[in-house]
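S.K.: quick one, fold the following:
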Amino acid sequence: MTIKYSLREPMAPGNTLMEKFQTLKELGFSGIEITNSSTADFADEIKAASDATGIVPNICSSRGGKGLLDARPQERNAAVKSINDALTLCTEVGGVGVIFPPLIGIKMGGGQRIPDLSPLYSTSTLEKDLLIEILKQDIAPHAEACGSRLIIEPLNRYEQWWPCTVAQGVEICEAVGSPAIATMADLFHMSIEEADLAEAIRAGGKHIANVHLADSNRILPGYGHTDFGPALKALSDIGYEYYCGFECSIPPGDARAELRKSMDYLNSYL
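M.R.: Numbering: from 1, shown residues only. Prediction:
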């Protein structure tokens, strides 16, 4: 397996998008996850930087999509539009998909959670059912039409109530039943929630369309105690073909040197 490395836009050294893309090319990266610039206003700049360097903007972000499961209909409607706009942008710039953690905006971002209607329905049941219906009706059809995918991101229990494991991400994918809905494996969150990183990845299989890399302390791989070998072997076993993106802190000092050092560290497992 050859790892196609990617990096979150704010982590990339450089003052402009072009400088960031050029730096990543020099360091041996293959992709960049567009976050701060993930709007249609930056589409031409992203494409120009990608054309000039060969760095693929593999992930786009939905900058206003965190209210998809908010109790207020206007917040949900705005989130659907934001996610669909991001999916359109992702296709335009040649990306793989749009990352979406369903409940971080409610738990961490001050959103309004759906009330508990027990004994009829619990809050968690309502959230799960609502997410699946919105994906089926409002998002998956658009993603399929434009040739992109929404990538559901499981996070640890301290950042969102659900989904927290790869298996729960797969559950959403299978309930929606669309090739445009995928999930991902974030090794930091998995180190908290999964009993076995490798087995979770193997079970996720074809549904995994993105990977985030971070060590146990959420610093670059090589600075904590996560054993990356079995996880990388599992990715190879499932025929994973997408990108592995760093989403973590970079130690103080020369960021370029630290990034290259971490890539070399991971490559030593291959």
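S.K.: which of the helices and strands in this structure ranks last by mean pLDDT?
M.R.: Using mean pLDDT, DSSP states H and E, the weakest-scoring helix or strand in the chain turns out to be helix 104-107, at a mean of 94.
S.K.: what comes up buried for the host helix or strand of Cys60?
M.R.: Using DSSP states H and E, Cys60 maps to strand 56-61. Neighbour-count burial for strand 56-61, counted by 16 or more other Cβ atoms under 10 Å, picks out Val56, Pro57, Asn58, Ile59, Cys60, Ser61. In this view, the C-beta of every residue, glycine as well, is placed from N, C-alpha and C.
S.K.: contacts for the helix or strand that comes right after that strand next, please.
M.R.: As assigned by DSSP H and E, the chain's next helix or strand after strand 56-61 is helix 73-93. Contact partners of helix 73-93, identified using Cβ atoms under 8 Å, 6 or more residues apart in numbering, comprise 34, 38-40, 43, 46-47, 50, 57, 59-70, 96-98, 100, 111-112, 134, 138-139, 142-143, 146-150.
S.K.: how does it look with 7 Å?
M.R.: For helix 73-93, the external contacting residues (Cβ atoms under 7 Å, 6 or more residues apart in numbering) are 38, 40, 43, 46-47, 50, 57, 60-68, 70, 97-98, 100, 111, 134, 138-139, 142-143, 146-148, 150.
S.K.: and if you look at stretch 4-15?
M.R.: 20, 23-24, 29-37, 58, 243-247, 250, 255-256, 263.
S.K.: stretch 256-270 too?
M.R.: By Cβ under 7 Å, 6+ apart, stretch 256-270 touches 1, 3, 5, 13, 23, 27-28, 220-222, 228-229, 232, 250-251.
S.K.: in helices, which of those residues fall?
M.R.: Taking DSSP state H, the ones among those that sit in helices are Thr23, Leu27, Phe228, Gly229, Leu232.
S.K.: now restrict those to buried residues only.
M.R.: Of these, these count as buried by 16+ other Cβ under 10 Å: Thr23, Leu27, Phe228, Leu232.
S.K.: buried ones in the least confident helix or strand of the chain?
M.R.: Buried residues in helix 104-107 (16+ other Cβ under 10 Å): Ile104, Gly105, Ile106, Lys107.
S.K.: and if you look at stretch 84-94?
M.R.: Result for stretch 84-94 [16+ other Cβ under 10 Å]: buried residues Asn84, Asp85, Ala86, Leu87, Thr88, Leu89, Cys90, Thr91, Glu92, Val93.
S.K.: looking at those, spot the one nearest Met184.
M.R.: Cys90 (14.4 Å; Cβ to Cβ).
S.K.: which non-adjacent residue is nearest that closest one?
M.R.: The shortest distance from Cys90 to any non-neighbouring residue, by Cβ to Cβ, 6 or more residues apart in numbering, is to Cys60 (4.1 Å).
S.K.: return the set of buried residues in stretch 100-120.
M.R.: So stretch 100-120, judged by 16+ other Cβ under 10 Å, has buried residues Phe100, Pro101, Pro102, Leu103, Ile104, Gly105, Ile106, Lys107, Gly111, Ile114.
S.K.: what sits up against it?
M.R.: 62, 65-72, 75, 83, 122-123, 126-127, 131, 150-153, 155, 159-163.
S.K.: please redo it, this time with the cut-off set to 6 Å
M.R.: If you take Cβ atoms under 6 Å, 6 or more residues apart in numbering as the criterion, stretch 100-120 is touched by 66-67, 69-72, 122-123, 126-127, 131, 150, 152-153, 155, 159-161.
S.K.: for stretch 192-203, same thing?
M.R.: Residues contacting stretch 192-203 (Cβ under 6 Å, 6+ apart): Asn156, Cys164, Thr165, Val166, Ala185, Met190, Pro230, Ala231, Ala234.
S.K.: what does stretch 52-68 give?
M.R.: Against stretch 52-68 from outside (Cβ under 6 Å, 6+ apart): 6, 21-22, 24-25, 31-35, 38, 46, 50, 75-76, 79, 82-83, 86, 89-90, 93, 95-96, 98-99, 105, 109, 111, 243.
S.K.: kindly report the same for stretch 174-187.
M.R.: Applying Cβ under 6 Å, 6+ apart, the contact partners of stretch 174-187 are 132, 135-136, 140, 143-144, 149-153, 166, 169-170, 173, 201, 207-213.
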